[in-house]
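Undergrad: Need coordinates for the below:
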Amino acid sequence: MSWALGVLTFVVTVAFVPGFPEPATTGRWAILSFCLPAMLLVTRAHVTPAHVAGAAFLALATASLAWTPVLVEGLNALWWLLLFAAAFMIGAEQRDLRPVYTGLGLGLVPSACFAIAQAMGYAPVEQFSSSPAGLFANSNLLGSVAAIALVGGALHRMWWLLPTPLLCLVLSGSRGAWLGALAASVLMLWARSRLAALALALAILVASQYAFLHSRGSTSVTSPSASLHHRSWVWLDTVEGLTWQGRGIGSFWVASPAHAPRQQAANMRHWHAHNDFLEILYELGALGLVLALAFTAFLAVGPLVPERIVLLAFLALGVTGFPLYQPVPALVGALAAGALAGRWRDLRNGVAVRELHPYARQAGRHRERSYGALRRLAARCFAVPLEPAAAAGSAARERELHPVPAARRSDPRHRGDPEK
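TA: As a prediction, this is how the structure comes out:
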């Protein structure tokens, strides 16, 4: 099943239907609509608290069809959420998602080729953004997919896979995608050096503040420097339209223009709120946001295993974008979330799993080796007594460095004290 998911990720990543109204999403959602239900039929589900929270969220989304403005839009958005849930349940039964990241990285190769051509001024396929978008029509979507592939490949040390996502990320020019990749870098650095991680996080905050202040001086809607400021208009207009019960699943595109004076003044209209949690609050109200936060918190809190960092990068992308409503990021994010739920089940059942990713394990061994050397040095120089655990570790290390010959091990004088 893992390799089948890898093949599916590759096919979805390269799927592009020229001439369609939405060439970058129509074919991809159609493929997922056929493949994910078929895979779910042969998957044995095990219920975890994340499954319960997700089921409650889907029940609320289904009930909101009763008050959504346009039923067809609501059914479409609900089907996307059901596909996300199917991918989550399939991912919960997987132990290795490296084939998924492999398929994602290889699927970006055609997009990288088209993005290079678009950067040189040649547009062989439809493109709805000023920056190169490859086979995704939108540079922000290309950047989001590239950021997830870059993070997943780096965490699993698939170095041969990284050049293509890195090239796509640079060509896309998506600052939201860079934010997701840098957020994952902070988490990876945290296991090695907390000071370096805090310094990187501070640099990200300063750069974000500078970009926001710099964008306020631009009035052009298509200016890349003004995109963050224009998104703040979308957020403010969305907040003004919030209701306690939400306006119904799939209602943002239909209902948001009625209370969007800032967007109307700038002659703008957006499909999504450019913030997944804000859009959930707008469509499903306070209860929907609480259920979404409960689902996220259960999976996002814990040891920094690779899939948890990928999920946190997915959530970081959702701060300024909408990866939950895009086929490729939603597929990989749901599989990573499902893998975390399956890991929780394995830990509860006593199945051995990797607690930390390789960087954290290496850093932990380095700290343990350094502290042990300092304790032994203090004991020898200042006659400081070792703790029982430290003494046992020191004795074991002495036996490894200076083994007792077999002839002397038979001597009764050396049986009682291992140090001799």
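
Undergrad: So for Ala379, what pLDDT did the model give?
TA: pLDDT for Ala379: 55.

Undergrad: ignore the last one, Val17
TA: At Val17, the pLDDT value in this model is 84.

Undergrad: For it, which three-state class applies?
TA: For Val17, the assignment made with DSSP: H, G, I helix; E, B strand; the rest coil gives coil.

Undergrad: Would you check that my belief about it contacting Thr26 is correct?
TA: Yes - at 5.5 Å, Val17 and Thr26 qualify as touching, with contact defined as CB atoms under 8 Å. For every residue, glycine as well, the C-beta is placed using N, CA and C.

Undergrad: Put the alpha carbons of the helix or strand where Ala63 lies into PDB.
TA: Element membership for Ala63 (DSSP states H and E) is helix 49-63. Taking Å, rounded to 0.1, in the frame of the first residue of the first chain, the C-alpha atoms of helix 49-63 are listed here in PDB:
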ATOM      1  CA  PRO A  49      -9.100  10.100  19.400                       C
ATOM      2  CA  ALA A  50      -8.100  11.900  16.200                       C
ATOM      3  CA  HIS A  51     -10.600   9.700  14.300                       C
ATOM      4  CA  VAL A  52     -13.400  10.700  16.800                       C
ATOM      5  CA  ALA A  53     -12.600  14.400  16.500                       C
ATOM      6  CA  GLY A  54     -12.500  14.200  12.700                       C
ATOM      7  CA  ALA A  55     -15.800  12.300  12.600                       C
ATOM      8  CA  ALA A  56     -17.400  15.000  14.700                       C
ATOM      9  CA  PHE A  57     -16.000  17.700  12.400                       C
ATOM     10  CA  LEU A  58     -17.400  15.900   9.300                       C
ATOM     11  CA  ALA A  59     -20.800  15.500  11.000                       C
ATOM     12  CA  LEU A  60     -20.900  19.200  11.700                       C
ATOM     13  CA  ALA A  61     -19.900  20.000   8.100                       C
ATOM     14  CA  THR A  62     -22.600  17.700   6.800                       C
ATOM     15  CA  ALA A  63     -25.200  19.300   9.100                       C
END
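
Undergrad: In terms of secondary structure, what does it contact?
TA: helix 71-91, helix 276-300, helix 327-348 (3 or more CB pairs under 8 Å, 6 or more residues apart in numbering; DSSP states H and E).

Undergrad: out of those helices, deepest packed?
TA: Mean neighbours per residue, mean count of other CB atoms under 10 Å, is largest over the helices and strands packed on helix 49-63 for helix 327-348, with a mean of 24.

Undergrad: got the angle for that helix vs helix 49-63?
TA: Per axes from the mean of the first three to the mean of the last three CA atoms, to 10 degrees, the angle that helix 327-348 makes with helix 49-63 is 140 degrees.

Undergrad: Give me the packing partners of the host helix or strand of Leu315, helices and strands only.
TA: Secondary-structure assignment from DSSP H and E places Leu315 in helix 306-320. Helices and strands touching helix 306-320, as assessed by 3+ CB pairs under 8 Å, 6+ apart, comprise helix 139-155, helix 175-190, helix 276-300, helix 327-348.

Undergrad: so for the first one, what's the average pLDDT?
TA: If I follow you right, that is helix 139-155. Helix 139-155 shows a mean pLDDT of 90.

Undergrad: Need the CA coordinates for it. PDB is fine.
TA: Extracted in PDB, the C-alpha atoms of helix 139-155 (Å, rounded to 0.1, in the frame of the first residue of the first chain):
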ATOM      1  CA  SER A 139       2.900  29.900  -8.200                       C
ATOM      2  CA  ASN A 140       1.800  29.800  -4.600                       C
ATOM      3  CA  LEU A 141       0.400  26.300  -5.100                       C
ATOM      4  CA  LEU A 142       3.700  25.200  -6.800                       C
ATOM      5  CA  GLY A 143       5.600  26.600  -3.900                       C
ATOM      6  CA  SER A 144       3.400  24.800  -1.300                       C
ATOM      7  CA  VAL A 145       3.900  21.500  -3.000                       C
ATOM      8  CA  ALA A 146       7.700  22.100  -3.300                       C
ATOM      9  CA  ALA A 147       8.000  23.100   0.300                       C
ATOM     10  CA  ILE A 148       6.300  19.900   1.500                       C
ATOM     11  CA  ALA A 149       8.400  17.700  -0.800                       C
ATOM     12  CA  LEU A 150      11.600  19.500   0.400                       C
ATOM     13  CA  VAL A 151      10.700  19.000   4.100                       C
ATOM     14  CA  GLY A 152       9.800  15.400   3.700                       C
ATOM     15  CA  GLY A 153      12.800  14.500   1.700                       C
ATOM     16  CA  ALA A 154      15.200  16.300   4.000                       C
ATOM     17  CA  LEU A 155      13.700  14.600   7.100                       C
END
